[in-house]
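*Asks:* Sharing a sequence plus its predicted fold:
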Amino acid sequence: MHQGRLNVPDNPVIPYIKGDGIGNDISEASLKVLDKAVEKAFGSKRKMEWKKVLAGSEAYEQTGSYLPEETVNAFKTYHVGIKGPLTTPVGGGFRSLNVALRQELDLYVCLRPVKWIKGIPSPVKHPEKVDMHIFRENTEDIYAGIEYMTGEPDNEKIMNFLRDEMGVTRIRFPETASIGIKPVSEEGSKRLIRSAIQYALDRDLPSVTLVHKGNIMKYTEGAFKQWGYELAEEEFEKQVVPWNEYEQAREKAGPETARKLLEGKVLLKDVITDAFLQETLLRPEEYSVIATMNLNGDYISDQLAAMIGGIGIAPGANINYQTGCAVFEATHGTAPGIAGKDIANPCSFILSGAMMLNHLGWEQAAGIVFQAVEDAISQKQVTQDLYSVMDDATLLSTSQFIDQVTEQMD
Ligand code: NAI
């Protein structure tokens with residue numbers, strides 16, 4: 001591997017985590033879809049060597065640990081892997097396994113591409129206008145887990161410090177306030193925004209939008225925006241047009257000249273989070289790559305996923321673009337209510353696999369997977385979740401759907 005560019009052999013070892021709950025129904029069964037696509041694209045020249053690694057309940061039963069060190073090491077060694085959903089074990093102080101894996105591997109980008117697949121029922125009138133790529137910062141923000149419960153001694157220390165040393169008087173109910181800390185760094189923000197801009201440039205996408213609440217949280221979210229524009233000037237001067245430059249050109253020389261300014265370049269703009277959530281419903285076609293912090297990104301990812309038809313479909317990945325290390329994942333949870341019944345929708349896992357093929361540079365195989373899933377859905381051959389909201393559809397079990405998608409490739 002060189003500067004985040006993977007040097008992929010023809011037979012890469014790919015660690016995979018089956019996952020809990022419906023992970024048992026969807027993950028291993030879906031690997032054959034990916035194998036078939038690779039075979040279709042490259043014949044016998046390329047093939048993935050799947051390596052099962054343990055996490056979640058299966059790992060706990062076999063090793064006494066929910067996330068054995070061997071699993072983390074396998075991802076470190078082989079760089080790229082895929083996972084099904086994992087239950088967060090209930091119990092005081094237990095970290096989510098997903099968060100633990102992201103932190104261990106410093107996977108600072110949570111990437112969620114959101115694009116409608118023809119035929120999927122959507123709550124909006126024009127889901128075909130949604131084509132966005134969300135870069136959610138994965139390691140900082142209020143999600144860092146630095147919180148102090150009211151009544152605990154640590155909380156009292158912080159309260160005393162804020163009042164006595166910092167002169168803070170604006171905590172409305174100090175006697176009963178819990179406190180959370182929101183770290184947002186220049187380094188963390190810039191590496192996230194750098195990856196988003198590079199992604200847009202590599203794929204000829206028109207714009208990157210910084211989504212923030214900098215009007216209220218000036219030194220965290222406001223700084224995120226400021227660092228984004230700074231980075232564009234420092235590192236992408238010839239490839240990125242900042243919004244104010246574009247606007248000035250439009251005012252002085254008209255829209256045609258302004259448009260010319262953008263030829264072969266990426267427009268960098270910013271929007272306040274609440275306005276952005278309205279914009280996703282009113283003018284989704286004006287947004288392409290989105291770069292945002294952890295909490296905003298969480299809300300935005302789920303809203304956009306719902307707009308294109310929901311939970312069983314949207315794929316995702318956690319990526320460190322500096323090392324190339326990446327874990328692709330189904331974005332839904334373990335759905336315990338339907339686990340073991342062979343009725344879950346495997347699309348999120350399958351499409352995450354297609355994203356993984358893209359990341360390996362095997363775009364041809366990725367395209368075959370996307371096409372096969374789209375074909376099955378547009379022919380209304382679907383699992384229970386979609387069947388229940390579609391007219392005249394054919395109901396397939398998870399395994400039948402996977403067979404259908406595999407056969408579509410012939
Ligand atoms: P969930 O995503 O498992 O389920 C929410 C709803 O969506 C349920 O009605 C479920 O039946 C349905 N659903 C989810 N995936 C589906 C699929 N592929 N096909 C058809 N229907 C599907 O979310 P919930 O219930 O909040 O979480 C359950 C467990 O999953 C928890 O332990 C949670 O911590 C874990 N979880 C794990 C994630 C991960 O590993 N990335 C992400 C989210 C939750």
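*Replies:* Received, thanks. Residues are numbered from 1 along each chain as shown.
*Asks:* Give me the mean pLDDT for stretch 338-348.
*Replies:* Averaging pLDDT along stretch 338-348 yields 96.
*Asks:* Ramachandran coordinates for the closest residue to E58 other than its chain neighbours?
*Replies:* Using CB to CB, 6 or more residues apart in numbering and skipping the chain neighbours, the partner closest in space to E58 is K18 (6.8 Å). Where C-beta positions appear, they are placed from N, C-alpha and C, glycine not excepted. When quoted as degrees, to the nearest 10, the phi and psi of K18 stand at phi -70, psi -40.
*Asks:* before we move on, what about V240?
*Replies:* According to degrees, to the nearest 10, V240 has phi -120, psi 140.
*Asks:* quick one on the thing from earlier: may I have the residues that are in contact with the residue nearest to E58?
*Replies:* 24, 27-28, 52, 58, 84 (CB atoms under 8 Å, 6 or more residues apart in numbering).
*Asks:* Any figure for the gap between it and G56?
*Replies:* According to CB to CB, to the nearest Å, K18 stands 8 Å off from G56.
*Asks:* tell me the contacts of the closest residue to the ligand within the chain?
*Replies:* Per CB to the nearest ligand atom, G333 is where the chain lies closest to the ligand, at 2.4 Å. Going by CB under 8 Å, 6+ apart, G333 touches 21, 85, 87.
*Asks:* and G222, how many neighbours?
*Replies:* Summarising burial for G222: neighbours were counted as other CB atoms under 10 Å, giving 16.
*Asks:* Tell me who's in contact with it.
*Replies:* By CB under 8 Å, 6+ apart, the neighbours of G222 are 212, 214-215.
*Asks:* quick check, nearest of those residues to P113?
*Replies:* H212 (21.0 Å; CB to CB).
*Asks:* Would you list the phi and psi of that closest one?
*Replies:* Phi and psi for H212, reported as degrees, to the nearest 10, are phi -160, psi 170.
*Asks:* Okay, and G367 sits in which element?
*Replies:* Using DSSP states H and E, G367 falls within helix 363-378.
*Asks:* gap between stretch 279-290 and the chain center?
*Replies:* The chain centre lies 17 Å from the centre of stretch 279-290; the measure is CA atoms, centre = their mean, to the nearest Å.
*Asks:* Also stretch 394-410?
*Replies:* The chain centroid and the centroid of stretch 394-410 are separated by 26 Å, computed with CA atoms, centre = their mean.
*Asks:* Let's test this: mean pLDDT of it, rounded?
*Replies:* So the average pLDDT for stretch 394-410 ends up being 95.
*Asks:* is the ligand contacted by that stretch?
*Replies:* No - using CB under 6 Å from any ligand atom, stretch 394-410 stays clear of the ligand, with a minimum separation of 8.3 Å.
*Asks:* Give me the buried positions along that stretch.
*Replies:* 395-396, 398, 401-406, 408-409 (16 or more other CB atoms under 10 Å).
*Asks:* ok, now stretch 156-164?
*Replies:* 158-159, 162.
*Asks:* Output that stretch as PDB, restricted to C-alpha atoms.
*Replies:* Written as PDB, here are the backbone C-alpha positions of stretch 156-164 (Å, rounded to 0.1, in the frame of the first residue of the first chain):
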ATOM      1  CA  GLU A 156     -18.800  18.100  40.300                       C
ATOM      2  CA  LYS A 157     -15.100  18.700  39.600                       C
ATOM      3  CA  ILE A 158     -16.000  19.900  36.100                       C
ATOM      4  CA  MET A 159     -18.700  22.100  37.300                       C
ATOM      5  CA  ASN A 160     -16.400  23.700  39.900                       C
ATOM      6  CA  PHE A 161     -13.700  24.200  37.400                       C
ATOM      7  CA  LEU A 162     -16.100  25.800  34.900                       C
ATOM      8  CA  ARG A 163     -17.500  28.100  37.500                       C
ATOM      9  CA  ASP A 164     -14.400  29.000  39.600                       C
END
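*Asks:* Alright, calling it a day.
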